[in-house]
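Everything below, folded, please.
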Amino acid sequence: MTRYACMLRGINVSGQRKLAMKELVSLCQSLGFAEVESYLQSGNIVLDTDLAAAELEATLERAICSEFGYADVDVLARTAPDILAVLQAVPAAWQAHDTASLYFTFIKTAPAAMPAAGVGFLPDEFIVGKKVVYVHCPNGYGKTKLNNNYFERILKLRATTRNWNTITKLYQLTGGTELA
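I've put the predicted structure just below:
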């Protein structure tokens, strides 16, 4: 079995599209997933399955939409090695930054068109990776224009964003070791 962190897009954000994590855990268990646990109230679930990531994502998306009546829930599944690769690829120039200013916008596939690194929003900036956009917001994510909606618009892909603490915790919950 493979352990995955599943990040749901647009669940429990600003009081919208509410989904109790207890209900999501129950749904996942009813689908036959093992060792299911949620992390925070913002749509993060960790589980074990024999399914490949793409099949897991599609299965969970269909089940959540059917069970809770949402038409467009996206699920992005990542393993501990996937998450570690993202963490290790934080731009070298940013590695000295306060981790509270680092965010990760996850996308399912690599974008067809690669926008240039974002410098027009200083002091905020971004760099597009393979299936993630690295976002640095020294004044906080709540004040940046480099938000999820912005990246969905420029990349023409659906996305979900998590902060450094959430990603490192999901890494640990999927079996990753402590980060140095």
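
got the residue ranges for the helices in the chain?
Secondary structure of the chain (DSSP state H): helices at 21-30, 53-68, 80-88, 148-155, 164-173.

Packed most tightly, which of those helices would that be?
Of all those, helix 164-173 carries the top mean neighbour count, a mean of 19, counting by mean count of other C-beta atoms under 10 Å. Backbone N, C-alpha and C define where each C-beta goes, glycine included.

what's the distance between it and the middle of its chain?
Relative to the centre of its chain, helix 164-173 is centred 10 Å away, using C-alpha atoms, centre = their mean, to the nearest Å.

Including mean pLDDT and distance to Q95, could the helices of the chain go into a markdown table?
Shown next, in a markdown table, are these (pLDDT from 0 to 100; distance: least, C-beta to C-beta, whole Å):
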| stretch | mean pLDDT | distance to Q95 |
| --- | --- | --- |
| helix 21-30 | 96 | 32 |
| helix 53-68 | 96 | 27 |
| helix 80-88 | 96 | 10 |
| helix 148-155 | 91 | 22 |
| helix 164-173 | 96 | 12 |
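
so which of those gets nearest A96?
Of all the helices of the chain, helix 164-173 sits nearest to A96, with 13.6 Å by C-beta to C-beta.

before we move on, the earlier item: nearest to V135, of the helices of the chain?
Among the helices of the chain, the nearest to V135 by C-beta to C-beta is helix 148-155 (8.2 Å).

got a list of contacts for that closest one?
Under the contact criterion C-beta atoms under 8 Å, 6 or more residues apart in numbering, helix 148-155 has outside partners 105, 107, 111, 113, 115, 126, 128, 133, 157-161.

related to what we said a few turns ago, any chance of the helices of the chain in JSON lines, with distance to N44 too?
Shown next, in JSON lines, are the helices of the chain (distance: least, C-beta to C-beta, whole Å):
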{"stretch": "helix 21-30", "distance to N44": "8"}
{"stretch": "helix 53-68", "distance to N44": "12"}
{"stretch": "helix 80-88", "distance to N44": "12"}
{"stretch": "helix 148-155", "distance to N44": "15"}
{"stretch": "helix 164-173", "distance to N44": "6"}
